[in-house]
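**Q** Just a sequence and a predicted model for now, questions to come.
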Amino acid sequence: MHTDIDVSAHLGPDTPGIRLIEVSTLSGSATIDGTSDAMGNATDAALFQGLRKWGDVVVVGAGTVKAEDYEGSSPGAARIAVMSYSLDLNVESKLFQVGTPPLILTPDEKVGTAAAQRLESAGATVLGTGDGSIQSVVAALHAQGWTRIVCEGGPGVYSAFIAAGLVDKLYLTLDPHLTSSVAQPLVYARDEETAQAPALSLELENVAADADGTVFLRYAHRGYP
């Protein structure tokens with residue numbers, strides 16, 4: 001998909017790490033009419049697929065998977081790994097029926113339950129992530145030998161990675177829509193500890209713009225202010 005578009009300069013050096021990819025309207029909303037479908041362009045789609053080819057695994061929240069109607073992993077691309085505590089996922093959805101069924105990231109206490117077994121029967125792999133914290137999720141992925149991690153959201157998942165300082169690079173696509181309100185913020189802290197985490201200091205590594213006004217930014221995490 002979009003293999004004719006060279007996004008190597010957008011992707012940057014091929015080094016292991018944790019990379020977040022986000023798209024935003026000029027008003028700061030992550031969605032228009034409930035999804036990101038109307039946002040981005042062909043270059044953004046190529047960058048999205050480029051990161052999936054770079055990565056070992058793509059971490060995404062269950063809410064985003066449902067809202068964006070995710071498919072399973074494509075051949076040659078990173079495994080889709082869905083963070084879910086409830087394990088309330090539709091095994092008739094494209095996530096299970098198209099491509100390779102997902103990896104399910106869930107706290108250890110949920111492994112082996114009837115809900116987990118239902119997903120495994122549909123082809124998913126259920127991986128215990130300790131207490132379910134984002135630090136434990138990353139540790140569980142590293143234990144599998146996966147050192148190239150892509151995070152595709154949503155807001156709560158982004159927030160957890162940021163609060164834990166588990167960001168090596170951020171890819172932010174600015175879509176040239178100006179919305180009258182922020183329907184969905186880019187990040188959303190689900191608890192007070194996450195909300196109070198210190199900000200990260202980022203350094204701009206690359207900026208590029210397409211003729212349609214879409215702007216692509218790549219930042220690297222350099223520490224804390």
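**A** Great, that's in hand. Numbers count the residues shown, from 1 in each chain.
**Q** Please count neighbours and contacts with C-alpha atoms only from this point.
**A** Noted.
**Q** Let's check: the centremost residue of the chain is which one?
**A** Note on the chain: the residue nearest the mean C-alpha position is Glu152, at 1.3 Å, using Cα atoms, centre = their mean.
**Q** pretty sure that residue is touching Gly63, no?
**A** No: between Glu152 and Gly63 no contact is recorded; they are 11.5 Å apart, counting by Cα atoms under 8 Å.
**Q** and the end-to-end length of stretch 169-186?
**A** 16 Å (Cα to Cα, to the nearest Å).
**Q** For it, which outside residues touch it?
**A** Counting by Cα atoms under 8 Å, 6 or more residues apart in numbering, the neighbours of stretch 169-186 from elsewhere in the structure are 17-34, 39-40, 44, 154-155, 158, 212-221.
**Q** repeat for stretch 10-20
**A** If you take Cα under 8 Å, 6+ apart as the criterion, stretch 10-20 is touched by 47, 50-51, 54, 147-153, 158, 166-171, 206-208, 216-218.
**Q** Now a PyMOL select for only the buried ones of the residues you listed.
**A** Selecting only the buried entries of those in PyMOL, with 16 or more other Cα atoms under 10 Å as the criterion:
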select buried, resi 47+50+51+54+147+148+149+150+151+152+153+158+166+167+168+169+170+171+216+217+218
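**Q** now, which of the contacts of stretch 10-20 lie within helices?
**A** With helices taken from DSSP state H, the overlap with the contacts of stretch 10-20 comprises 47, 50-51, 54, 158.
**Q** which one of the residues you listed sits closest to Asp131?
**A** Of all the ones in helices among the contacts of stretch 10-20, the one sitting nearest Asp131 is Tyr158; the distance, using Cα to Cα, is 18.1 Å.
**Q** Got the confidence number for the closest one?
**A** pLDDT for Tyr158: 98.
**Q** The one 10 residues further on too?
**A** pLDDT recorded at Asp168 is 97.
**Q** do you know how far it is from Ala115?
**A** With the distance defined as Cα to Cα, Asp168 ends up 34 Å from Ala115.
**Q** One more: Ala78?
**A** In this view, Ala78 and Ala115 are 25 Å apart by Cα to Cα.
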